[in-house]
Every structure is written in C-alpha cells, then in structure tokens.
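**Student:** the sequence and its predicted three-dimensional model are supplied below.
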Amino acid sequence: MHTRTSAGPKKFSRPKFAGSAKPRFGGARPPAGGGRPSHSGGKPSFSGGFKGRSGGGNRGGRGRFNSERIDFSRFIKKAEKVEAKPYVSTHKFLDFPFADLLSKNIIRKGYITPTPIQDQSIPVVMEGKDLFGLANTGTGKTAAFLLPLINRVVNKKDEHVIILAPTRELALQIEQEYREFAVGLGIFSVALVGGMPINKQINELKRGVSFVIGTPGRIRDLIERKVLHLSECRTAVLDEADRMLDMGFRDDMVYILGKLAKERQTLFFSATLSPEIKKMTEEFLKNPVMISVVTNETSKNIDQDIIRIKGRDEKIEQLHQVLKKDGSDKVLIFRETKRSVDTLEKELLERGFKVGGIHGDKRNRERIRTLDNFKQDRINILIATDVAARGLDIPDVTHVINYDLPSTYDTYVHRIGRTGRADKKGTALTFVPF
C-alpha cells in the first residue's frame, strides 16, 4: 500500500458522453530506429487540417478582470528560516516497473529519487485509476503523469493519450520533457497550440501519434473541423486545471472530455481546489485517488516587500535601482497588458539591461527563444503577462517584481511562487502607489 495524503478514494458519478463514430488512430510510424514514413491511406483519429481561430493557444482570459481590492500590507512579509522535515520517498525510480529503455532515459536525465507528487502519483497512474493531484508548479508533476503513461503506450502501442495545458508555453514544455523521456522508444507526439505552423501539426497527426499535447482552444478547433477524433482515446490529463478555468476554458475542457471514450482514465492536476474545480472532479472523475502536496499559501523563504511610487518617472527609476543591486541575478517582472510588456522591454533595453518579453501576441518561435535565453542566462530579466507566464517552471529566479498590481491575491501568490524554490531564498517586490 502506498502512502497518500487523502483519507481514501471518494466516489463520484460519471456523466454520459456522446462518443464519436469516427475511426480511431491511424497513420503509420516505423518501429524505433526506422525513418518516418509519408502519410498512408485511411483516416487517423488524431489527424486532419485546420481553419480555426487564430488564438487557439490563449483563448479566454476571464481571470484578468475579476479584480479585488487587496490590502497592500499582505505584500509585506519577511522570509522565515524553516527547518522543513524532509520527505522520505517510498520508492526510487528504479523501483517502478518501467520498460528498460525508458528506465535508461530516466537515469540519463539524472532522476534517482521521486518528488512527493511523483512518488505518490506514479503507482496510482500505473494502476489505471483516476487521480486528482493538488500540486504547485515546480513540484515535478509533469514526470508524475508522463512516465507511467509513456510506459503504458510502450507496452501497448494502440493506447493514446491527450494532455491539456492552459498555455502554449506549458504545452511545449510538457512536450519537450516527453521527447527527452521517449528517446528511442518509437512513439511520437504532437503539440497542438496556436501560433505555430498548422500544416506541420497536420502532417504530424497524419503520420500517427500516441500523445497529443495542446491547449483547449486549438484542440477544440481541430475536433470541430473533424480532423481530430478522440472517441477511442482512453487517457486524458488536465494539467494546471485551475488556470484553464481562470482563463475561460471551461466550455472547451468540458467539450473535449465529452469527446473521449466513455471508459477512460482521467487525471486532474491543480494548485487549488476551488468550488468549480471540485464540481468538475465530481462530474468527470470516477472514484479518484486524491493526492495533495501543495505547499503553504506563500513560500516562507521569500522576502516580500512593497515599493511606494508617486508617478511613472519615479517608477522606472526605482525599478532601475532594484535591477542594479547585487543579488538581482535572475528577475521575472509581471505586467498587466501585452503593450505594457513591450514598452518596458524597450525602456530597459535602452538602459543597457539584458531583457526579453513574452506575451500572447508575440510569435511562438520568438517566445520560445526568449524563454530559452532566460533559462540559459543569456538574458537575466524576463517581462511577462500573467497569461504568458502561467505554468512555466524556470529555475533559480532570484526576484519576482510586480511592476503592475496583481488583479487578485491568488494571482499574487501564483506570481511570487516563481522564486524561492528548492530551499533557496527569493525576493518579491510589488510597486504600489502612494
């Protein structure tokens, strides 16, 4: 028996789904080591063309306008020195009955001891049970669902998996991790997100894939145009489910889940258990195992403070001083709008800082390049909107700066959680008006 934080599985009812009569996955891939074939006849169930909405990756946006009046004193808190009791893992990665080549790929990535969410989730997923995991970004949850699902597909080639994520960046981050684990296994994936060449996505679908990883808007568009068929897909993952709801994707999520096979395994991962998330778990999960590894409301090793400013000129000068201070090695700055990201990026570039910006209107390859530059320390300042930054796991961020006030306190908590990770001290600064 595996240790879990829940008192035991809870029973939820499953709704009736209207299954599609379309044929299921087709396309042909060679065995591992072979070349990639051209499309052969027949209609694959993950296949087709696209004439959809231009913003498939970031449709929605409901969460930005649910503003609330926040007491600025909540942005001030000194870091605490906490001697946390270390988590004792029940397993090592080598204990899991993974395929030999998958185990070698895991070792090659340096994975030895699972994180709490991995340790508790992997056995549940391998058993085929539904799961609801409460876990923050950066806890290793991507590997918690990818590894057992990759293993399943390796052992049973006709299995297929769909993974939903709130943003393009997170979907691509998941697919990149998938590719690293799946090297040499002869199974393939496609990222279905807005802002990328759609013809390439169509061709990948036609060739035959085992994993579809994407954003709800783009995936729904492909289904509605009858080029993506999920009626025999029996495994679904909703990552950052609460963020998808915040961004207005609820209808898309429900629509997509309703197109899957009636008998399936469904995995939800979320950082919060809001009433709406709870309602969805009751509707779409069957007797799920509940696992929680959520940390405190705000990290105890983050120094939180405010900077009071009177006007725009003073604001940029104060930011300049913060960025010049020793210790401001890797800084993530949040702005409210896409235009304000571009404006601040230009101003800081003119002042000689190594800076980049990301938001939903930038081309996908530009966003990927900027994120890679930030991760690889070719730039040390990243400016982002909340939507563009959701779900990103960027190590060693020393400072989070709320240059624009967050719309809600939950947004504030989500923002500052990008620093102070892995027992490192972080700093969160919020600019507030006099």
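**Tutor:** Received the coordinates, thanks.

**Student:** and the gap between I107 and T115?
**Tutor:** For I107, the distance to T115 equals 16 Å [C-beta to C-beta, to the nearest Å]. The C-beta positions use only the backbone N, C-alpha and C, and glycine is treated the same way.

**Student:** comparing these two, which residue is more hemmed in?
**Tutor:** More crowded of I107 and T115, by other C-beta atoms under 10 Å: T115, with 19 against 12.

**Student:** so how far is A99 from that one?
**Tutor:** Going from T115 to A99 by C-beta to C-beta gives 21 Å.

**Student:** A271 now?
**Tutor:** In this view, A271 and A99 are 31 Å apart by C-beta to C-beta.

**Student:** tell me which of those two has more neighbours.
**Tutor:** Legend: neighbour count by other C-beta under 10 Å for A271 and A99, higher for A271 (24 against 15).

**Student:** not including adjacent chain positions, what is the nearest residue to that one?
**Tutor:** If the residues on either side of it in the chain are set aside, A271 comes closest to N136, at 5.2 Å by C-beta to C-beta, 6 or more residues apart in numbering.

**Student:** now V397
**Tutor:** Leaving out its chain neighbours, the residue that sits closest to V397 by C-beta to C-beta, 6+ apart is T419, at 4.5 Å.

**Student:** ditto for K109
**Tutor:** E180 (6.2 Å).

**Student:** does anything pack onto the lowest-mean-pLDDT helix or strand in the chain? Which helices or strands?
**Tutor:** When each helix and strand of the chain is scored by mean pLDDT, DSSP states H and E, helix 386-389 comes last, with a mean of 76. Helices and strands touching helix 386-389, as assessed by 3 or more C-beta pairs under 8 Å, 6 or more residues apart in numbering; DSSP states H and E, comprise strand 331-334, helix 409-416.

**Student:** quick one: strands adjacent to the shortest one?
**Tutor:** Right, strand 331-334. strand 381-384 (parallel), strand 399-402 (parallel) (DSSP bridges).

**Student:** average pLDDT for that strand?
**Tutor:** For strand 331-334, mean pLDDT is 97.

**Student:** what's the offset of that strand from the middle of its chain?
**Tutor:** 18 Å (C-alpha atoms, centre = their mean, to the nearest Å).

**Student:** what's the burial count for E204?
**Tutor:** So E204, with other C-beta under 10 Å, has 20 neighbours.

**Student:** again but with T215, I slipped
**Tutor:** T215: 32 neighbours (other C-beta under 10 Å).

**Student:** and what of A135?
**Tutor:** A135: 25 surrounding residues under other C-beta under 10 Å.
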